[in-house]
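**Student:** based on what follows, work out the 3D shape:
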Amino acid sequence: MNKIYYIASCDTCRKIIKSLPKGNNLVFRDIKQTPLTEEELEEMHEISGSYEALFSKKAVLYKTMDLKNKSLTEDDYKKYILEHYTFLSRPVFVIDNNVYVGGTQQNMLQVMKALGNV
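**Tutor:** Got it, this is the predicted structure:
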């Protein structure tokens, strides 16, 4: 099952979702409304190989908690992502056993290819 994890109030996520092809067969999941489960995070981690790759260092909480001045471990990244939805870099696409994290242009080209639209 192909999925997109996003936050509905995020402008970047909304713009990306709007650009997705119709009939994309994605299951949409607003992680603010329905928090990420540990099993879902584990699935993403298995594919990506790293919690840090899934972690958003742009999150306001990252700055306010002064996490940039701490040495975070993989366990720390996992804990923070599960504690608060803003720590998940987004959007996250899980398509055909691949994970695409973030909305960079290069990433979105890969997502479009994976959805069979390029």
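**Student:** for the residue nearest the centre of the chain, list the residues it contacts.
**Tutor:** Nearest residue to the geometric centre of the chain (Cα atoms, centre = their mean): Val92, 2.9 Å. Contact analysis of Val92 by Cβ atoms under 8 Å, 6 or more residues apart in numbering lists Ile4, Tyr5, Tyr6, Met44, Leu54, Val99, Tyr100, Val101, Gly102. From N, CA and C alone the C-beta is placed, and that goes for glycine too.
**Student:** just the residues you listed: which has the poorest pLDDT?
**Tutor:** Within the contacts of Val92, Gly102 has the lowest pLDDT, namely 92.
**Student:** ok, that residue - contacts?
**Tutor:** Taking Cβ under 8 Å, 6+ apart, one finds Ser89, Arg90, Pro91, Val92 in contact with Gly102.
**Student:** separation between it and Gln110?
**Tutor:** As judged by Cβ to Cβ, to the nearest Å, Gly102 and Gln110 stand 11 Å apart.
**Student:** in this structure, which spans are helices?
**Tutor:** 11-19, 38-48, 60-64, 74-83, 105-114 (DSSP state H).
**Student:** now the last one, how far from the centre of its chain.
**Tutor:** Put plainly, it is helix 105-114. Offset of helix 105-114 from its chain centre (Cα atoms, centre = their mean, to the nearest Å): 14 Å.
**Student:** tell me which residues are up against it.
**Tutor:** Ile16, Ser19, Leu20, Pro21, Phe93, Ile95, Asp96, Asn98, Tyr100, Val101, Val118.
**Student:** can you give me the pLDDT of Asp11?
**Tutor:** pLDDT recorded at Asp11 is 92.
**Student:** how close does it sit to Val60?
**Tutor:** Between Asp11 and Val60 the computed distance is 14 Å (Cβ to Cβ).
**Student:** can you check Glu40 too?
**Tutor:** Using Cβ to Cβ, we find Glu40 at a distance of 23 Å from Val60.
**Student:** quick one: which of those two has more around it?
**Tutor:** Between Glu40 and Val60, counted using other Cβ atoms under 10 Å, the more crowded position is Glu40 (18 against 9).
**Student:** what residues does that one make contact with?
**Tutor:** Here Glu40 is in contact with Tyr5 (Cβ under 8 Å, 6+ apart).
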